[in-house]
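Asker: Next comes the sequence, and after it the predicted model I'd like to discuss.
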Amino acid sequence: MTNFVDMAIAKAINAGLRKAMSEDNKVLVFGEDVAQLGGVFRVTEGLHAEFGESRIFNSPIAESGIVGTAIGLAMRGYRPVAEIQFDGFIFPAFDQITTQLAKMQNRSEGFHKMPVVIRVPFGGGIGAVEHHSESPEAYFAHTAGLRVVSPSNPNDAYWMIQQAIRSNDPVMFFEPKRRYWQKGPVNLDTPPQDLHSARVIREGNDLTIVSYGPMVHTSLQAAEVAAGEGVSIEVIDLRSLSPIDFPTIIESVKKTGRLITVAEAPNSFSVASEISATITEECFYHLQAPVLRVGGFDIPYPAAKLEEIYLPDADRILEAVDRSRAY
């Protein structure tokens with residue numbers, strides 16, 4: 001009998017980390033306040049008491065040092081899991097990530113494996129200011145040598161963190177912080193699929209929506225409203241931003257003839273832009289309308305009282321649905 005347990009996304013990541021640490025004593029977890037406190041979002045709560053300070057420990061407030069330490073540990077045979085406390089804090093470590101972590105395996109002709117996971121709570125919706133609510137995933141998806149993933153539900157969160165830790169390549173693990181306490185069933189026995197496969201989570205015939213991370217839930221809300229108006233929308237959870245599972249998207253678009261991408265990040269120079277360009281190239285004769293993008297605006301992340309205007313919602317998605325179907 002399959003063992004299902006209801007969990008929130010934060011607790012599912014915690015359980016996935018615990019399982020990985022139990023199975024492999026080379027898995028280490030560290031970052032700012034992750035040990036006794038359990039992190040600002042309590043994702044690592046209880047792990048210090050269970051595994052001790054040699055397996056989970058606090059770092060100084062120095063993101064470059066966090067990632068540099070992870071690189072050194074990986075070179076010594078460990079599987080480090082480093083937390084960046086908030087998305088906007090990652091940029092002091094940008095050089096370490098993009099010029100060292102992403103390049104080390106290639107530079108050493110495969111001699112130095114880089115089984116490093118960098119956990120990044122990302123996105124808005126928590127009433128915080130800039131540097132606490134940003135979506136910087138495109139910087140890393142653009143960087144060759146990095147794998148970039150984002151779970152949208154507890155089951156994926158539980159399994160994807162374990163799959164990321166087992167990877168011999170560096171993985172940027174973007175966690176949708178506004179969804180941390182969203183609950184759902186977790187299958188503790190069987191992983192849903194491999195780390196880099198997209199998944200059709202709602203079948204439809206009239207239009208395809210592709211989303212990831214925090215916007216998957218919003219896309220499903222929009223699809224439900226559209227169904228009440230007689231519009232059948234297929235929703236794909238991207239799950240992996242680099243590499244992207246284009247065959248799954250292409251198969252869906254060939255069926256529906258229309259595609260909308262939905263993300264919190266600004267549209268310009270984004271993951272959404274890459275999907276739009278590739279689908280236009282690969283599905284040109286199947287498209288009945290241009291690929292449309294729904295995302296944040298091309299401005300710095302606004303003050304908390306304005307963030308609900310900035311962030312895409314079901315109404316903005318449905319407006320794009322209407323525009324697409326008007327062609």
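Answerer: Alright, I've got the coordinates.

Asker: C-alpha from now on. contacts and neighbour counts both.
Answerer: OK.

Asker: Not including adjacent chain positions, what is the nearest residue to residue 318?
Answerer: residue 222 (6.2 Å; Cα to Cα, 6 or more residues apart in numbering).

Asker: The one you found: helix or strand, and which one exactly?
Answerer: Per DSSP states H and E, residue 222 falls inside helix 215-228.

Asker: can you pull the buried residues of that helix?
Answerer: Under the neighbour-count criterion of 16 or more other Cα atoms under 10 Å, helix 215-228 has 215-226 buried.

Asker: From residue 208, how far out is the residue nearest to residue 318?
Answerer: Per Cα to Cα, to the nearest Å, residue 222 is found 12 Å from residue 208.

Asker: What of residue 19?
Answerer: For residue 19, the distance to residue 208 equals 36 Å [Cα to Cα].

Asker: higher neighbour count, the two?
Answerer: Using other Cα atoms under 10 Å, the more surrounded residue of residue 19 and residue 208 is residue 208, with 30 against 15.

Asker: tell me the SS of that one?
Answerer: strand (DSSP: H, G, I helix; E, B strand; the rest coil).

Asker: Give the other helices and strands that the longest strand seen in the chain contacts.
Answerer: Taking DSSP state E as the criterion, the chain has its longest strand at strand 259-266. In this structure, strand 259-266 makes packing contacts with strand 207-211, helix 215-228, helix 271-282, strand 292-296, helix 314-325, judged by 3 or more Cα pairs under 8 Å, 6 or more residues apart in numbering; DSSP states H and E.

Asker: hmm, try it at 10 Å
Answerer: With contacts taken as 3 or more Cα pairs under 10 Å, 6 or more residues apart in numbering; DSSP states H and E, strand 259-266 sits against helix 137-141, strand 207-211, helix 215-228, strand 233-237, helix 246-256, helix 271-282, strand 292-296, helix 314-325.

Asker: can you list the domains in this protein?
Answerer: Annotated domains of the chain cover 4-187, 199-325 [automatic domain parsing].

Asker: could those domains go into a markdown table alongside distance to residue 193?
Answerer: Output for the domains of the chain, formatted as a markdown table (distance: least, Cα to Cα, whole Å):
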| stretch | distance to residue 193 |
| --- | --- |
| domain 4-187 | 9 |
| domain 199-325 | 9 |
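
Asker: Turn the ones you listed into TSV, including mean pLDDT.
Answerer: Output for the domains of the chain, formatted as TSV (pLDDT from 0 to 100):
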stretch	mean pLDDT
domain 4-187	96
domain 199-325	97
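
Asker: With distance to residue 67 as extra columns, can I get the buried residues of helix 215-228 in CSV?
Answerer: Output for the buried residues of helix 215-228, formatted as CSV (distance: Cα to Cα, whole Å):
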residue, distance to residue 67
215, 28
216, 29
217, 31
218, 33
219, 34
220, 35
221, 37
222, 38
223, 40
224, 41
225, 43
226, 44
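
Asker: Quick check: the farthest pair among the residues you listed?
Answerer: Spanning the widest gap among these are 215 and 226, at 16.4 Å by Cα to Cα.

Asker: Helices of the stretch 51-200 of the chain, residue ranges please.
Answerer: 63-75, 94-95, 104-107, 137-141, 154-166 (DSSP state H, counting those that start in this stretch).

Asker: I figured residue 297 hits residue 311, correct?
Answerer: Yes: Residue 297 lies in contact with residue 311 (Cα atoms under 10 Å); the separation is 8.2 Å.

Asker: circling back to that earlier point, just the CA atoms of the helix holding residue 222, as PDB, please.
Answerer: Output of helix 215-228 as PDB, limited to C-alpha atoms (Å, rounded to 0.1, in the frame of the first residue of the first chain):
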ATOM      1  CA  MET A 215       2.400  30.700 -10.100                       C
ATOM      2  CA  VAL A 216       1.200  27.100 -10.700                       C
ATOM      3  CA  HIS A 217      -1.500  27.400  -8.100                       C
ATOM      4  CA  THR A 218      -2.600  30.700  -9.600                       C
ATOM      5  CA  SER A 219      -2.700  29.200 -13.100                       C
ATOM      6  CA  LEU A 220      -4.900  26.400 -11.800                       C
ATOM      7  CA  GLN A 221      -7.300  28.900 -10.300                       C
ATOM      8  CA  ALA A 222      -7.500  30.700 -13.600                       C
ATOM      9  CA  ALA A 223      -8.100  27.400 -15.400                       C
ATOM     10  CA  GLU A 224     -10.900  26.500 -13.000                       C
ATOM     11  CA  VAL A 225     -12.600  29.900 -13.600                       C
ATOM     12  CA  ALA A 226     -12.200  29.500 -17.400                       C
ATOM     13  CA  ALA A 227     -13.800  26.000 -17.200                       C
ATOM     14  CA  GLY A 228     -16.900  27.600 -15.800                       C
END
